[in-house]
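S.K.: Predicted model and sequence follow; I will ask about them next.
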Amino acid sequence: MTDRPDAVTWSRRASASTVGRCCLYLQVGFVGGITLLVIVLVVAALGLTAVDGAYGQLALLVLFLLIGGPFSLLYVLPLVDDDTARSSIRTWTDRAGYDRLRPLPAAVSVLAGAVTIVGSGAVSPVALLALFLSILAGTSIGTQLVTSWGEIDPEAGTVRVNDQSFGLEELAAVGVHRLPGTGTVVLRLSYATKTRGVTAPGYVSMPRDVYEEARPLLEAATRGTQPTSRQSRIERVLLVVFGVGALVGAVGAAVLGFERGGDARVILSYVALLAGCFGVGFLALAAPEP
């Protein structure tokens with residue numbers, strides 16, 4: 001993990017941990033399941049229109065597939081043909097670790113995703129919406145927790161994490177949270193200057209063995225340095241008020257939606273989920289620093 005004695009470097013992709021791989025397979029299964037269902041529906045529509053002799057509708061459908069939407073050939077082919085776009089996509093997939101996934105489990109996850117999407121849609125639109133939001137939010141958080149790369153260089157006095165950098169002398173306090181079963185440590189950082197704290201990362205994840213190696217450097221950097229609060233008491237109170245208000249609104253929208261039923265239930269359930277996410281986010285921002 002070290003390139004030289006006085007520097008600590010690490011690079012960990014989501015596919016390196018069990019939690020990260022599960023999140024990646026869930027993402028592949030959900031996106032691949034949607035893609036598979038769309039392909040099946042398109043093929044079925046083409047076949048039915050051809051069998052029924054509705055050649056006008058068939059021509060319109062083919063025209064739509066060629067130029068009529070964000071997934072049509074008019075939009076997809078330039079993306080596939082462009083070297084820069086392919087390079088960006090390849091870099092993103094390599095950084096996340098999708099290239100480490102095995103074909104057979106990925107194919108199984110796609111089939112399972114398609115079946116789950118159809119099943120949840122058959123139960124209710126609310127179930128489909130909840131599935132979409134839970135997969136989107138849950139897997140994003142899971143992969144972010146276990147994906148990290150960076151360097152702590154005491155000779156240069158710098159810390160570089162996920163393309164963000166700051167000076168060791170700016171570090172004032174470090175809160176440590178060990179995630180059981182993941183081999184990951186999440187650090188909550190506080191800084192000696194309020195301005196620097198706005199742009200520097202507030203949370204950093206790294207493998208546990210790397211943290212144990214970097215721990216003396218972090219403790220030495222924070223020794224004798226007092227953090228400057230990023231938030232005044234008024235700001236924290238306002239965030240708590242907004243957070244609690246959003247959560248109360250989420251509960252009210254959910255109750256009202258289930259009472260009314262029908263399309264109102266779908267719309268209000270979406271509003272409740274969105275308000276709940278904002279409420280949790282406001283309360284997280286209001287949490288005191290280490």
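M.R.: Alright, I've got the coordinates.
S.K.: pLDDT below threshold where in this protein?
M.R.: Counting by pLDDT under 70, the chain shows low-confidence ranges at 1-6, 53-58, 61-62, 66, 68-76, 78-96, 194-199, 224-232, 262-263, 288-290.
S.K.: remind me, longest helix of it?
M.R.: helix 18-52 (DSSP state H).
S.K.: Show me what it packs onto, helices and strands only.
M.R.: helix 55-67, helix 103-123, helix 125-146 (3 or more CB pairs under 8 Å, 6 or more residues apart in numbering; DSSP states H and E). Using the backbone N, CA and C atoms, a C-beta is placed for each residue, glycine as well.
S.K.: Out of those, which one sits most buried?
M.R.: Compared across the helices and strands packed on helix 18-52, helix 125-146 shows the largest average neighbour count, a mean of 17 (mean count of other CB atoms under 10 Å).
S.K.: who touches it?
M.R.: Outside helix 125-146, the residues within contact range by CB atoms under 8 Å, 6 or more residues apart in numbering are 12, 14, 16-17, 19-20, 22-24, 26-27, 30, 96, 116-117, 120-121, 179, 182, 184, 186, 205, 265-266, 269-270, 273, 277.
S.K.: and Glu170, how many neighbours does it have?
M.R.: Applying other CB atoms under 10 Å, we find 20 residues neighbouring Glu170.
S.K.: which residues touch it?
M.R.: Counting by CB under 8 Å, 6+ apart, Glu170 has contacts Tyr191, Ala192, Thr193, Arg196, Ala200.
S.K.: among these, which two are most distant?
M.R.: Within the contacts of Glu170, Ala192 and Ala200 form the most distant pair, 10.8 Å apart (CB to CB).
S.K.: who has more neighbours, those two?
M.R.: Under the neighbour definition other CB under 10 Å, Ala192 and Ala200 were set side by side, and Ala200 has more, 20 against 17.
S.K.: Provide a list of residues in contact with the more buried one.
M.R.: Taking CB under 8 Å, 6+ apart as the test, what Ala200 contacts is Gln164, Phe166, Glu170, Leu189, Tyr191.
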